[in-house]
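Trainee: coordinates only, no sequence provided:
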């Protein structure tokens, strides 16, 4: 049996302290009210992120450099939580963290596919490196060596011996035929979520339920948005849409995805699955405009599920899982704020895409 007081006493204590350092609703509101980018960075220096910003020289402070430091704190949070969580639950957290490694592979392959940006441009690796999540020394992706091959197939070959090689090498045939990274990226995503769901389902005792709740909420959000986007943007056939989504989930099931693939009314499906989300019909009247808002609403649902995990019995994997997901959502909100302030964007334009306001942390 996994879970229990003995296994999670130290983990719970550590995560509770880390959870208390997440930005409060009041802090986020103050950051959102910052007059400009410089004021926002100044305010961030007085939060838990201050120690990550202190190494930045004034001339090096850009939206990209600040976001990187914010992500470095997220990476540190993951590594700390993974280290303190007992096995076999630790394996689920490790797989959840691999999400950022999957995105790094996508960034590398995109960089290779695009190639150089013209005379006088900085080397391709320097450009790609700036886009990568600071995963840390545990990464199994030789990103720089992959970029230096200058060839998608050769880069994938460098992943031989990793969990990513087989799925990418299989999808490489379609990439070669279509010269589109889409099949490679979809294959990576589907493989990642299958492994994460399987890892959560294999947990026993008090760990399985909370793990499925947190992981399942994330999986459902991605799967539902994939299905809707495939219909709206890619206009995939029913068969392709089914092939490019997952046939399982926590709340969103195979029959829901198949209904969307077959042309069911999107708003009706979403409202049945998430009755707490308001104005779905209005959002999906013009889905190309409404989908970003719908995605934000689904993320708010994920946030609520994570916050609810902290209630009741704390001696299970749900606590560390919920904490790192909340940390990720906070990072997303801060990224929106940083980029918006750096561009001088009016608050009315970026506030709808902040996850936190409708699920304020106390």
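Mentor: That came in fine, so what should we check first? All values derive from a computational prediction rather than experimental measurement.
Trainee: let me know whether residue 53 touches residue 69 as I believe.
Mentor: Yes - counting by C-beta atoms under 8 Å, residue 69 is a contact partner of residue 53 at 5.5 Å. No exception for glycine: its C-beta is placed from N, CA and C like everyone else's.
Trainee: can you list residues touching both of the two?
Mentor: Among the neighbours of residue 53, none is also in contact with residue 69 (C-beta atoms under 8 Å, 6 or more residues apart in numbering).
Trainee: phi first, then psi, for the nearest residue to residue 64 once chain neighbours are set aside.
Mentor: In space, not counting the residues next to it along the chain, residue 64 is nearest to residue 130; the distance is 6.2 Å by C-beta to C-beta, 6 or more residues apart in numbering. Here is the backbone geometry of residue 130 (degrees, to the nearest 10): phi -70, psi -20.
Trainee: could you check how far residue 130 is from residue 282?
Mentor: According to C-beta to C-beta, to the nearest Å, residue 130 stands 38 Å off from residue 282.
Trainee: one more: residue 223?
Mentor: 23 Å.
Trainee: which one's more surrounded, those two?
Mentor: Remark: of residue 223 and residue 282, residue 223 carries more neighbours, 26 against 11, as counted by other C-beta atoms under 10 Å.
Trainee: that one reaches residue 257, doesn't it?
Mentor: Yes - using C-beta under 8 Å, residue 223 makes contact with residue 257 at a distance of 6.6 Å.
Trainee: so what sits against both of those two?
Mentor: By C-beta under 8 Å, 6+ apart, the residues touching both residue 223 and residue 257 are 245-246.
Trainee: can you report how many residues lie near residue 203?
Mentor: Count around residue 203 with other C-beta under 10 Å applied: 22.
Trainee: for it, give me its contacts.
Mentor: Taking C-beta under 8 Å, 6+ apart as the test, what residue 203 contacts is 2, 88-89, 92, 211, 317.
Trainee: ok, of those, which come out buried?
Mentor: 2, 89, 92, 211, 317 (16 or more other C-beta atoms under 10 Å).
Trainee: what about residue 53, how many residues close to it?
Mentor: 18.
Trainee: again with residue 198
Mentor: 12.
Trainee: so after whichever helix or strand it is part of, what's the next helix or strand?
Mentor: Counting by DSSP states H and E, the element that carries residue 198 is helix 182-201. Sequence-wise, the next helix or strand downstream of helix 182-201 (DSSP H and E) is helix 205-229.
Trainee: in the helix or strand following that next one, which residues are buried?
Mentor: The helix or strand immediately downstream of helix 205-229 is helix 238-243, counting by DSSP H and E. Residues 241-242 are the ones in helix 238-243 that count as buried (16+ other C-beta under 10 Å).
Trainee: contacts for helix 238-243?
Mentor: Residues contacting helix 238-243 (C-beta under 8 Å, 6+ apart): 227, 230-231, 257-258, 260-263.
Trainee: so for stretch 106-125, mean pLDDT?
Mentor: Averaging pLDDT along stretch 106-125 yields 83.
Trainee: stretch 63-71 now?
Mentor: What stretch 63-71 shows for mean pLDDT is 97.
Trainee: repeat that for stretch 83-94.
Mentor: 96.
Trainee: can you mark which positions in it are buried?
Mentor: So stretch 83-94, judged by 16+ other C-beta under 10 Å, has buried residues 84-86, 89-93.
Trainee: just put the residues you listed in a markdown table and tack on secondary structure and distance to residue 106.
Mentor: Converted to a markdown table, the buried residues of stretch 83-94 look like this (DSSP: H, G, I helix; E, B strand; the rest coil; distance: C-beta to C-beta, whole Å):
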| residue | secondary structure | distance to residue 106 |
| --- | --- | --- |
| 84 | helix | 29 |
| 85 | coil | 27 |
| 86 | coil | 32 |
| 89 | helix | 27 |
| 90 | helix | 25 |
| 91 | helix | 23 |
| 92 | helix | 22 |
| 93 | helix | 21 |
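Trainee: now residue 154: how far from residue 169?
Mentor: 12 Å.
Trainee: quick one: which of the two has more around it?
Mentor: Neighbours were counted for residue 154 and for residue 169 using other C-beta under 10 Å; residue 169 has more, 16 against 13.
Trainee: pretty sure the more buried one is touching residue 158, no?
Mentor: No - contact criterion C-beta under 8 Å: residue 169 and residue 158 do not qualify, at 11.5 Å.
Trainee: what sits in contact with each of those two?
Mentor: Between them, residue 169 and residue 158 share no contacting residue under C-beta under 8 Å, 6+ apart.
Trainee: any regions of the stretch 101-250 of the chain where pLDDT drops low?
Mentor: By pLDDT under 70, the low-scoring segments of the stretch 101-250 of the chain are 116-121.
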